[in-house]
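Q: sequence? don't have it. structure:
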């Protein structure tokens, strides 16, 4: 490789010293990704401008249009439920008997396990353990509260402590700290069904007139697209994503705010619904598995911190990770509504042609 | 929002004029993401340094370690098969009879459909059409060759032409240009089974001594982790990702080279295998659904183009998108091997603690 | 065990000599399963009485009610498409290179492979081969036409011939004649997407008045139940069965007519849709993977043959297996419609209480 | 239809009067299915002869061979865990707020809900409620203990009471008593992950010599087939059945003992593992979702009751449904082991040819 001519990569303003051995190794510079603003988004009676980092033309414009619809509809509602960050180590047992012994022991000694998790870590708490046995394997899904951090590093360290405790007490070996029962950065029904990180629901009611004037289509047509595409189309393709393009918005918000980009995978699982309410439109999204934080990971980088600041979330105050989840939920709702409307009004190809190609 | 104090976001070197209405709207600046280098990776007898953009500590170091193992093993092998970019519009029919008529018509008139796709576009070719009917819906998966571009914009525009032809000839309406039978940016068994974009296989044989000295573990232990975690663990969690962390490497390479970050979702599907060969290790990865290009999208941005240049892929020469797929395949292989070894040697939590926390 | 007191089991009229080493080993008698009749079902302008063997009260009555609705609606439509019986052996290769060699060889030598399949078997024909590679494994889905037989025995024998040919020509070993790429007697997206045996679509339009008078509910309510239960409910539970109770009807018809009861598993996959057409109801079912025959297996047993005779399918004439698939498709449609209506009219628990408990 | 010539169907010994309005309607007679005996199977230190009703040649012989292997290995171990029969009604709410209200209410009023379930039914108890919300829908998985009965009828009646209570207290309507969150008679990840009815694990250790002498193969080859077929093959086909042929054994036992044949669908989900223990073989099966009973349904029919009697389970004593689950688990283990060995020793096609065709 010639590292000559990396003129742009080398032109960055992040503090390389702080990044070293924390966020990156062998750093040679930075890539720059354009940051656009959509909004304001009105969610739960507050307003936020949305920072989206993307190279996909039309995305910011689409979310922006959605935000306008939401505002004209009096705002959207978002509900967040903490599930906790999870690790699912795999223990190797001699067989079913020893497996049941381990499961029983965990149930009987939950208090001690919780204590071990907290040792030397004040920001973490074990919430629940869910074991699963097959053959000579016991998987244990450890759900942990990690406050305002996404928290996987903490959770991994805590999991190691649990594994050591199990080994000491039962002489049962943990073969792998992650047994893919976590399930980190992979799509899975386990996360879909049980939730992971935060579960987010968002919904809005849009009057018929707003649908017509801003979205250039009708409630019935949006309901039809959701039925034929997001539901039936996803069914026919064996998908876990019963939505139009959650991944676009999740990736844009994650990249802007320093989240772990590999967690876009599970973060974009979910289900869109649309129904008629009289002559108006009810529209909703559901994200079962959103891993986000406002401290740790890439959230402290200068540009990412500024992006969090645009939403007032750069101080990592108590509850800010919930608020971030709310805002992302609302942003996903607006992006989904706008895309669905574009498909319903036969406008997608035109938008792609216009905005994706510099026309 | 106060856009005051966006000092870092506003400090960028990309050409904002070129980005406007092509890659972003309402641009207020850029986020910077640290870029690290791993390698060289020896794949198919060539060597590449790997640009990875990430904020996740330990990732570059891990891939780098994998590259060393690969070099000491004489390099890895990667095979790429073009499937084509796909769109799956949904047509609304009166019922099963009309549905079969549409399917029959597409079969009989493939030549005309292909012609329509090419009109005014020299970089696109319709390869195959795969229809699927349910109730009053016909989904048609259109697989298209798009040369060195990832190509979804082109494919969407071409799909609109096909939809217009169908409407003109059969009076059958396309309800949505994307019927989620594409399947773009969602995990799906359809992509897993049929492939999408490029399918990539990569493999390496690693001698026992190299496993011990560089990876600090044994072939048997790596085989065991793959069996209990990547295979059985993913089975028990109802996952579509039978791997350790493809998403980390795919996201890092995608971000560095200007790919569509939402396509990390399908790009990180896949299956890892590990077997003993005598006393040595056979290790492989498989990516069924990798959507990548070296022209279009974010690949032309200055920093991203430089990152492609690190691998000699910045000129978008014929075959470069295949080469990019090969290199990503090799990079995923090294990252997967290194992580699996870290789990086998009980080293994961330590690495996280050391590299992810600036220690 | 005391085989004393097996008075009823020993009281059977099947010809035990014919069963031995063909249908059963260590035979001690027979179980008797009640056979009920529903119908006539009007499908594709013909009428059939439906034999259903079951011990689940309310099933025959429910299908019978559906048949009445269908008759009052002028009959239903069923379309069948032959996919072929499939086996998916797994070949062990040295790696990706040898894997591609095998796949290429199969493509180049399709004619010879087809010849080998036909040798000494006049009722079988290889239609297509679909290979899939991962690591050191190549799976090949062999789709075969088996005329009026379900045909798995024939297909297995033919697969062995193909495996021997591959071994002779390429020195590549078949590790298992079934590599679960068949996919026999397991639910799978591969069968769902590609189809297996026969694919069946059936549909009916039911006037509003008939829905009200016979089904005691309204088209809107049926549409709503299908949306909230069969589609959304199945989505939320990670199901492959987007239907109410296909398995009940499929099991009842399979048992009556001597089909392989383990193939109820894949035979009951599928998707129900319901839509309003003006003020009337459009209702459809889709079975992607129905393995049925009218010769071989249990179809020749005296009682089962008589049950086939009720539908005029006991002579195994050309096309009779397609007709059986049509009739099963129609029966599933009626059963699904009737159950959905019972749920919509809040009548399910009452029916269970009345018919399932002898009241 | 001519019901002439139904000579065999009309020759039955079941008491038609008892069946009417309980197990069947419009009864015209019975089908007879051959019943074979395999065994004795040694499970948890007891021995059982296994009644299997089937028309698939080679099945009884295969299970019988497995039983011999188990006996020579000192018996197998089976563990059963009660999950409970489940119904998952769907409630229609105005939106996320009302949905959360319902979920909260259920949590707060669990005691009252449990009371309502028990009213007038002494054999049923509500164990747990698991709610899931999406859009304007709340699904509630009700897990109920039903003693020695499979219990779906009881559970449905109890679910109606819960729905009425919810309506009375919250004015929230249950749209469908089954919202496919049950999940009855469909394959689903929800049942796979949470379990349904009974979860069963069974395992055995088989000495190398027994594998060689009785199964005509080697432990290594059985491990290899399980890896390449049951695990990897099922992964590649997007299956929920990571096994060889659980459905065959489950269907054979269900049919013999009067279980609900449509529940073979969920009953045959599950995962097989095989590992080397030194030079010997460890082999296991796992059934997450087995719905069985020894009272109610078809279990009281004369021939089915006699078949239960062969195993000493015809009196429906306390714990007998657990015992039945244990025995089925053991039977599935033997059938799976025998089939896998036949594939490993390349003997499947031969067995099919010999036993399935009367040779």
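A: Yes, it's here. Bear in mind the structure is a predicted one, so any value in this text is a computation, not a measurement. Numbering: from 1, shown residues only, chains lettered A, B, ... in the order given.

Q: At which residues are the strands of the stretch 51-200 of chain A located?
A: Remark: strands assigned in the stretch 51-200 of chain A by DSSP state E, counting those that start in this stretch are A:77-87, A:90-92, A:125-134, A:137-145, A:173-176, A:196-206.

Q: In contact with the residue in the stretch 201-350 of chain A that chain D sits nearest to, which residues?
A: The nearest approach of the stretch 201-350 of chain A to chain D comes at residue A:273, 3.2 Å away (Cβ to the nearest Cβ). Using the backbone N, CA and C atoms, a C-beta is placed for each residue, glycine as well. Applying Cβ atoms under 8 Å, 6 or more residues apart in numbering or on different chains to residue A:273 gives the contacts A:226, A:282-284, A:286, C:232, D:134-137.

Q: can you pick the most crowded of the residues you listed?
A: The most crowded member of the contacts of residue A:273, judged by other Cβ atoms under 10 Å in any protein chain shown, is residue A:283 (31 neighbours).

Q: Centre of the chain to stretch A:108-115, how far?
A: Distance of stretch A:108-115 from its chain centroid, counting by Cα atoms, centre = their mean, to the nearest Å, is 30 Å.

Q: Tell me how many other residues surround residue A:192.
A: 30.

Q: now swap in residue A:120 and tell me
A: Neighbourhood size, residue A:120 [other Cβ under 10 Å]: 8.

Q: ditto for the one 5 residues further on
A: Counted with other Cβ under 10 Å, residues neighbouring residue A:125 total 16.

Q: Is chain B within reach of stretch A:64-78?
A: Yes - residues of stretch A:64-78 are located near chain B by Cβ under 8 Å from any Cβ of the partner chain, namely residue A:64.

Q: picking that back up, return the member of the contacts of residue A:273 nearest to residue B:121.
A: Residue B:121 lies nearest to residue A:226 out of those, by Cβ to Cβ, at 30.4 Å.

Q: name the element the nearest residue to that closest one once chain neighbours are set aside belongs to?
A: Once flanking residues are discounted, residue A:226 sits nearest to residue A:274: 4.0 Å by Cβ to Cβ, 6 or more residues apart in numbering or on different chains. Under the criterion of DSSP states H and E, residue A:274 resides in strand A:270-277.

Q: Identify the residue nearest residue A:147 in space, chain neighbours excluded?
A: Closest to residue A:147 by Cβ to Cβ, 6+ apart is residue A:123, at 4.9 Å.

Q: Show the contacting residues for the closest residue to chain C within the stretch 201-350 of chain A.
A: Nearest residue of the stretch 201-350 of chain A to chain C: residue A:238, at 4.1 Å (Cβ to the nearest Cβ). Counting by Cβ under 8 Å, 6+ apart, residue A:238 makes contact with B:188-190, B:192-193, C:189, C:192-193, D:238.

Q: and if you look at residue A:216?
A: The contact partners of residue A:216, by Cβ under 8 Å, 6+ apart, come to A:341, A:345, A:347.

Q: So it versus residue B:327, what's the distance?
A: Taking Cβ to Cβ, to the nearest Å as the criterion, residue A:216 is separated from residue B:327 by 43 Å.

Q: Then residue A:202?
A: According to Cβ to Cβ, residue A:202 stands 39 Å off from residue B:327.

Q: Show me how far stretch A:96-114 is from its chain's centre.
A: The answer for stretch A:96-114 is 31 Å, by Cα atoms, centre = their mean.

Q: What is the burial count for residue A:328?
A: Per other Cβ under 10 Å, the neighbour tally for residue A:328 reads 30.

Q: what do you get for residue A:129?
A: By other Cβ under 10 Å, the residues close to residue A:129 number 16.

Q: Quick check, it in contact with residue A:144.
A: No - counting by Cβ atoms under 8 Å, no contact exists between residue A:129 and residue A:144, whose distance comes to 10.0 Å.

Q: Overlap in contacts, those two.
A: Among the neighbours of residue A:129, none is also in contact with residue A:144 (Cβ under 8 Å, 6+ apart).

Q: In which helix or strand does residue A:303 reside?
A: Residue A:303 belongs to helix A:302-310 when elements are defined using DSSP H and E.

Q: And for residue A:334?
A: If you go by DSSP H and E, residue A:334 is part of helix A:320-344.

Q: Let me know the angle separating that helix from strand A:196-206.
A: Note on geometry: by axes from the mean of the first three to the mean of the last three Cα atoms, to 10 degrees, helix A:320-344 and strand A:196-206 are set 50 degrees apart in direction.

Q: Let me know whether helix A:320-344 sits next to chain B.
A: Yes - remark: helix A:320-344 sits within contact range of chain B at A:343-344, by Cβ under 8 Å from any Cβ.

Q: Make CSV out of the strands of the stretch 51-200 of chain A and add mean pLDDT and distance to chain C.
A: Listed next are the strands of the stretch 51-200 of chain A as CSV, based on pLDDT from 0 to 100; distance: least, Cβ to the nearest Cβ, whole Å:
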stretch, mean pLDDT, distance to chain C
strand A:77-87, 97, 15
strand A:90-92, 98, 21
strand A:125-134, 98, 15
strand A:137-145, 98, 16
strand A:173-176, 97, 19
strand A:196-206, 98, 13
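
Q: hmm, back to that, report how many residues lie close to the residue nearest to residue A:147.
A: Neighbours around residue A:123, by other Cβ under 10 Å: 15.

Q: list the contacts for it?
A: A:146-147, A:149, A:151, A:154.

Q: can you check residue A:305 too?
A: Applying Cβ under 8 Å, 6+ apart, we find residue A:305 in contact with A:258, A:299, A:314.

Q: If you rank those by neighbours, which is first?
A: Neighbour max across the contacts of residue A:305 (other Cβ under 10 Å) = residue A:258, 29 neighbours.

Q: what about the stretch 1-150 of chain A, any weak spots by pLDDT?
A: A:1-4 (pLDDT under 70).

Q: need the helices for it, in chain order.
A: Ranges of helices in the stretch 1-150 of chain A, per DSSP state H, counting those that start in this stretch, are A:16-19, A:59-72, A:96-108, A:110-118.

Q: Briefly note if the top strand by length along chain A comes near chain D.
A: In chain A, with assignment by DSSP state E, the single longest strand is strand A:27-43. No - Strand A:27-43 stays out of contact with chain D when judged by Cβ under 8 Å from any Cβ, the minimum separation being 12.3 Å.

Q: quick one, that strand and strand B:27-43 angle?
A: Going by the same axes, to 10 degrees, strand A:27-43 is angled at 140 degrees with respect to strand B:27-43.

Q: ok, what's across the strand from residue A:284?
A: Beta-bridge pairing for residue A:284 (DSSP bridges): residue A:203, residue A:273.
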